[in-house]
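>>> Fold the stuff below for me.
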Amino acid sequence: MKTRQLVEGAMIAALFGLVSILNSYSAGMMDSLVGYFMVVPIAWYGYRYNLKDNMIVAFVSVLIVIFTGLPMFIFIAIYSSMFGLFLGESLKRKLKKEWILLGGFIVSFIANIMLYEVLSGLFGIDLIAQLTQSYKNAIEFWPSLKKYISLSQVKNMIPLFILGVSFMECYVMLALTQIILMRFHIPFPESFHLSTFRLSRKAGLVCAILLAVSFLLRNNGMKNIFVNYTYYLTYMIFVVAGLSYFSFFFVLQGKPGASALLILLLIIPITPVLYAIVGGIDTITQRKNTIYDEIMKNANHGDVKE
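Numbers count the residues shown, from 1 in each chain. Okay, here's the model as predicted:
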């Protein structure tokens, strides 16, 4: 058993090295895409063996990438390994979906804060310059957009951008890993489909208070990094709750793929506000959660009868 464990760990480390070399030859064109898949072997190994052994495999894998990969890919390898370590241990301990989502989001958020705020100079990333150029391109394509949103407003949304990227990366890596690992008969707690997102009334109340307080502080001139991220994080939670509400009822209509359209609609400035309002109302009424619980209860009763 120990020999098999060592061989599997060595194969994962070798896979990291091979992917790193191929990525170097492609001039880093596969960075992000490959990073999502690199979570899978670490999560798989972590589910099968203990945390200490998985940490050793992850460390060796990253060490190989350090000697063979590009600087950005080294960062991605560390990010993927951390996410895989957390996910593998979470699956082994059979944590609830909500805790896996929260933990995965925290790992992604810390990684993106490091990338865009701390190590941006090292990797030559200038987020403000990129957003400014994107804004100018958007204005050229849609000149009237300037009436609704200014460049300063776009720059102020950098925390929202980082939070949004963190959420999307977390969601993609969880969904991708779930699809692959379930083929190896590794159980996941529930589907990570957007429609299954749940926000309790108590958690919603805490988020609403934080949102209101941070909103007032921002309007009174206090715009430090903590206040900005608190505001945008709580705002985004209600946006996701609204997305989940609409997505859930599309699923009931037999149209689960409509979630992609709902996400695309976020590019329309008024849509996130609408989602946030609907998410807040649903959090108070708990309508979606009540219907979801009834469906699951009826499904379980049907299984028992069979």
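>>> Need the distance between the two termini of stretch 252-261.
In stretch 252-261, first residue to last residue: 16 Å (Cα to Cα, to the nearest Å).
>>> In it, which of the residues would be classed as buried?
Judged by neighbour count using 16 or more other Cβ atoms under 10 Å, the buried positions of stretch 252-261 are 256, 258-259. In short, each C-beta sits where N, CA and C put it, glycine included.
>>> repeat for stretch 280-293
Buried residues in stretch 280-293, counted by 16+ other Cβ under 10 Å: 280, 282-283, 286, 288-289, 292.
>>> How far does it sit from its chain's centre?
Its chain's C-alpha centre and that of stretch 280-293 lie 23 Å apart, by Cα atoms, centre = their mean, to the nearest Å.
>>> Report the backbone C-alpha coordinates of it in PDB.
Listed next in PDB are the C-alpha coordinates belonging to stretch 280-293 (Å, rounded to 0.1, in the frame of the first residue of the first chain):
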ATOM      1  CA  GLY A 280     -32.300  40.300  -0.300                       C
ATOM      2  CA  ILE A 281     -36.100  39.800  -0.500                       C
ATOM      3  CA  ASP A 282     -35.700  36.000  -0.900                       C
ATOM      4  CA  THR A 283     -33.300  35.900   2.100                       C
ATOM      5  CA  ILE A 284     -36.000  37.500   4.200                       C
ATOM      6  CA  THR A 285     -38.900  35.400   2.900                       C
ATOM      7  CA  GLN A 286     -36.800  32.200   2.500                       C
ATOM      8  CA  ARG A 287     -39.200  31.200  -0.400                       C
ATOM      9  CA  LYS A 288     -36.600  29.400  -2.500                       C
ATOM     10  CA  ASN A 289     -35.200  27.500   0.400                       C
ATOM     11  CA  THR A 290     -38.700  26.400   1.600                       C
ATOM     12  CA  ILE A 291     -39.600  25.100  -1.900                       C
ATOM     13  CA  TYR A 292     -36.200  23.400  -2.200                       C
ATOM     14  CA  ASP A 293     -36.600  21.700   1.200                       C
END
